[in-house]
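K.L.:
Need a 3D model of the sequence below.
(2 chains)
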Amino acid sequence: MDQLEGMEKDILIEIATIGSGNASMALSKMLSKKFEVKVPMLKLIPIEKISEMMGDSEQVITVVLIKIIGDVPGTMMLLFNPENAIKLTEQLTGRTKRDGILDEADRSALKEVGNILSGSALNALADFLDFTLVQSIPDIATDMLSAVINTTIADLGETADKVLLLETVFRDEENTVEGKYYLLFDPKSTRVILDAVKKKIAK
Amino acid sequence: MDSNKIVVKISDFAIGHDPQVLTTQGIGSCIAICLYEKEKKIGALAHIMLPQTVRIPSDGTQTNPLRFVNSALPVVISELEKVGVDKEKVSAKIIGGAHMFKMLDGIEDDLGSKNLKATEEFLTTNGIKIDSEDVGGNVGRSLEFDLASGVVKVMTKM
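P.N.:
Numbering: from 1, shown residues only, chains lettered A, B, ... in the order given. Okay, the predicted model is just below:
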C-alpha cells in the first residue's frame, strides 16, 4: 500500500468527517458550547515522519492516548499544547489554574474528553462499516513531542513503514481552545476498512 | 545552528569525530546509543525505536532496519570500523528507554525496558563495555554527545 486511489481517499475522508462530526457534537454537549471541526486531513505517512509532522520535537505537549482493539486495530491520540490543555481543563472542572500544572483531576478530565471523542468517532465508523471496535482505557502524558508521539506509534513500526493518518483540528467557537485529534491505522487495518467500504458501496 | 552539530533523527545514526557534537531530541521509550573510541575521538550516535524485528510484514513491505536494535547496531558498528575504529576499544553510553504511558505495558516489560534489554544484550555479546546509562523513568530526554571529550549531556523538560 504505497498510495491511496482517489476514490479510496474520498471515502476515507467522508468516514472521518462523519466520525469527527459526531465527536465534536459530543464535546459541544459536554461543555455546552459549540465546537467546530476542520475537514479531516488524510495521508499515508512514514512512521519516522509522524512526530515531525506534528511539530517541533522538543516542544512540550499533552497527549491523551487510546488504543483501538477489534476488527481494525489502531491508535487514537488527542493532542494539546500545555496552554490549551489548561484552558480546556478549566472549562471542564470549573476551576481556575494558576500554577499551569495539570493535577490528577485535570488529567482525568482530559482522559474523559479522549474517551468521549474517541467513542463517538469510533461508533460512527463501527456503525457505518458493521465493525466491532473496542477502545482501551485512555492514558495521558505530558512531555517533549517526539518522546511522547514516538512511544505511542512504535508498535505500528513493528510491521509497517507507512501508516494511514487522519488529522482533525477542533476548536471552540470563541477560539479559546484548540486541539488535534489523530487516528492511525497500519496498512492491514487500512485495507480492511477500504474493503468494507467497497462492499458497502456495492450493495 | 552550530556547524559542528550533527542532528540524528529517529531510526537513524551518525558518525563523527572531534570537534563535532552529535545530538538527538525527544527520546521517549526509544533508545539512544553513544559509541566512542577515546584515543581516536571518533563516535557514533544511534536513535532506535524498537528492540527487534519480531514479525515479517505479510504485505511484502520492508521495514527500515535502522528502526530495530538488533538490525541497526551491526550497521553502526560496521560503519565505525570502516572509518578505522577498533571495536575492542569502543565503549557505550545508553540513554532513554523511558516508560511514557502506563497503558502501553503488556504483562511483560514495557517497550522502554525491552529496548534497554536488547541494547545491553547486544553490546555485551559484542564485547562492548557499557560506561554509563541514563535510562528508564517516565521522562523524555534529549542529548548532546561531545566527541572531543566523549561526554554525553542529557536534557529533560519535565
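
K.L.:
can you list the residues of chain B near chain A?
P.N.:
Within chain B, the positions near chain A by C-beta under 8 Å from any C-beta of the partner chain are B:9-12, B:25-30, B:49-50, B:53-55, B:57-59, B:61-64, B:67, B:98, B:100-104, B:111-112, B:138-142, B:157-158. The C-beta positions use only the backbone N, C-alpha and C, and glycine is treated the same way.

K.L.:
Name the spans of chain B whose pLDDT lies under the cut-off.
P.N.:
Residues of chain B that meet the criterion pLDDT under 70 lie in B:1, B:54-62, B:105-108.

K.L.:
can you pull out the helices in it?
P.N.:
Ranges of helices within chain B are B:69-82, B:111-125, based on DSSP state H.

K.L.:
swap in chain A?
P.N.:
Under DSSP H, chain A gives helices at A:6-31, A:50-54, A:82-93, A:104-129, A:145-153, A:187-202.

K.L.:
Flag every buried residue along the shortest one.
P.N.:
To tie it back to what came earlier, the one meant is helix A:50-54. By 16 or more other C-beta atoms under 10 Å in any protein chain shown, the buried positions in helix A:50-54 come out as A:Ile50, A:Ser51, A:Glu52, A:Met54.

K.L.:
From the chain's centroid, how far away is that helix?
P.N.:
The chain centroid and the centroid of helix A:50-54 are separated by 14 Å under C-alpha atoms, centre = their mean, to the nearest Å.

K.L.:
what pairs with A:Val163 across the strands?
P.N.:
Here A:Val163 sits in beta bridges with A:Ile45, as judged by DSSP bridges.

K.L.:
correction: B:Asp146
P.N.:
Beta-bridge partners of B:Asp146, as defined by DSSP bridges: B:Val21.

K.L.:
give me the low-pLDDT residue ranges for chain A?
P.N.:
Using pLDDT under 70, chain A drops low at A:1-2.

K.L.:
Give me every residue in it lying close to chain B.
P.N.:
A:1, A:47-48, A:51-52, A:57-58, A:60, A:65, A:67, A:136-152, A:154-155, A:157-162, A:187-188, A:191.

K.L.:
ok, residue 52 - contacts?
P.N.:
All of this refers to chain A. A:Glu52 makes contacts with A:Ser146, B:Lys9, as judged by C-beta atoms under 8 Å, 6 or more residues apart in numbering or on different chains.

K.L.:
if you could check chain B rather than the one you did, that'd help
P.N.:
B:Phe68, B:Val69, B:Asn70, B:Ser71, B:Ala118.

K.L.:
That concludes my questions; thank you for your assistance.
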